[in-house]
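Visitor: Sequence and predicted model, in that order:
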Amino acid sequence: MTRPARPGLSFGIGAVVGTAGGLIGLGGAEFRLPALVGVLRFSMREAIVVNLVASFVVLTAALPFRTATVPVAEILPHMPAVLAMLAGSMSAAWLGAGWLHRVPDRALGRLILILLVVLGLVLIAEGLFATQPQRLAGEGLAATLLAAAACGVVIGLVSSLLGVAGGELIIPAFILLFGVDVKLAGSLAILVGLPTIAVGLSRHFGAGAVLRQKAQWRGTILPLAAGSICGAILGALALGAVPSQALKIGLGLILIWSAWGVFRHLPAPARR
């Protein structure tokens, strides 16, 4: 598919989305996808792959700067859950990346729509009505590992099929299942998301793939990545100034808006 190179616009989109992603602990794919499809003219399938690259860049840039607000000492007690979630997500991401090539664009868009709306509503409700994080998973190491691994399988499939870092699922999982504060959950989501994305990306470099096109790297992907790095650092540094409950509500509203943006650009069903 031929499309004009728009490096300046790509940089701007990357910077705005990277700021939101660095602030929340997401790769920003849910915000970026409508712009990739509606503004930069990628197909849904191409946008998913480009999204994985940009999300990986955002998470990598944001993680070191989030430690000013979420220190490593707060992360370490949750490493068993992180590792168990990784075990499930990386295995499922490998399978999901292969399935992506067999799923129609409109079906992908519907999956994104349903996922983002449901998660958006859950987070808004959590932000409005839950004063303290509640742990729904059972106590003990075994219960933690089983719950985290099960979540990881779903997260890996969603990440590779929809081109997202998985934070849309990881953050609510840590908040609702393990009673973790939203800011800490964002940093834990980055630790799970980075290896998961890497596994999914490893299967998107085949012949004819958008990641094999040098013109797309020069005109779109590299400027998008550069803007994402700047925005991710800015968002991560601003983390301490945003209340946790407001962050949940804001994330929920953004997810629902993104779902509408993606659905608006779905291809029309073929007429018989």
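Guide: Looks like it arrived, so ask away.

Visitor: got the CA coordinates for the one helix or strand Val199 maps to in PDB?
Guide: Following DSSP states H and E, the helix or strand that holds Val199 is helix 182-201. C-alpha atoms of helix 182-201 as PDB (Å, rounded to 0.1, in the frame of the first residue of the first chain):
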ATOM      1  CA  VAL A 182      -2.400   2.000  39.800                       C
ATOM      2  CA  LYS A 183       1.000   3.700  39.700                       C
ATOM      3  CA  LEU A 184       2.800   0.500  40.800                       C
ATOM      4  CA  ALA A 185       0.700  -1.500  38.500                       C
ATOM      5  CA  GLY A 186       1.800   0.600  35.600                       C
ATOM      6  CA  SER A 187       5.500  -0.200  36.300                       C
ATOM      7  CA  LEU A 188       4.700  -3.900  36.700                       C
ATOM      8  CA  ALA A 189       2.900  -3.700  33.400                       C
ATOM      9  CA  ILE A 190       6.000  -2.500  31.700                       C
ATOM     10  CA  LEU A 191       8.100  -5.400  33.000                       C
ATOM     11  CA  VAL A 192       5.500  -7.800  31.600                       C
ATOM     12  CA  GLY A 193       4.900  -5.900  28.400                       C
ATOM     13  CA  LEU A 194       8.400  -5.500  27.100                       C
ATOM     14  CA  PRO A 195       9.300  -9.300  26.800                       C
ATOM     15  CA  THR A 196       5.800 -10.000  25.500                       C
ATOM     16  CA  ILE A 197       6.100  -7.400  22.700                       C
ATOM     17  CA  ALA A 198       9.600  -8.700  21.800                       C
ATOM     18  CA  VAL A 199       8.200 -12.200  21.300                       C
ATOM     19  CA  GLY A 200       5.300 -10.900  19.100                       C
ATOM     20  CA  LEU A 201       7.600  -8.700  17.000                       C
END
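
Visitor: And the contacts of stretch 56-68?
Guide: Outside of stretch 56-68, the residues that reach it under the criterion C-beta atoms under 8 Å, 6 or more residues apart in numbering are 17-18, 21-22, 25-28, 165, 186-187, 190-191, 193-194, 197-198, 201, 225, 228-229, 231-233, 235-237, 239-240. Every residue, glycine included, has its C-beta placed from N, CA and C.

Visitor: and if we set it to 7 Å?
Guide: By C-beta atoms under 7 Å, 6 or more residues apart in numbering, the list of residues contacting stretch 56-68 from outside reads 18, 21-22, 27-28, 165, 187, 190, 193-194, 197-198, 201, 225, 228-229, 232-233, 235-237, 239-240.

Visitor: Buried among these? Make that a ChimeraX selection.
Guide: The following ChimeraX command selects only the buried members of those, with burial defined by 16 or more other C-beta atoms under 10 Å:
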select :18,21,22,27,28,165,187,190,193,194,197,201,225,228,229,232,233,235,236,237,239
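
Visitor: List the buried residues for stretch 77-95?
Guide: For stretch 77-95, the buried set under the neighbour-count rule, 16+ other C-beta under 10 Å, comprises 78, 81-82, 84-94.

Visitor: What about the residues you listed, which are in strands?
Guide: Among those, none falls in strands (DSSP state E).

Visitor: okay, these in CSV with pLDDT and distance to Leu146 next?
Guide: Formatted as CSV, those follow (pLDDT from 0 to 100; distance: C-beta to C-beta, whole Å):
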residue, pLDDT, distance to Leu146
His78, 91, 15
Ala81, 92, 10
Val82, 92, 14
Ala84, 93, 8
Met85, 91, 11
Leu86, 89, 14
Ala87, 87, 11
Gly88, 86, 10
Ser89, 82, 15
Met90, 80, 17
Ser91, 78, 15
Ala92, 77, 16
Ala93, 71, 20
Trp94, 69, 21
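
Visitor: Give me the subset of these lying in helices.
Guide: Using DSSP state H, the members of those that fall within helices are 81-82, 84-94.
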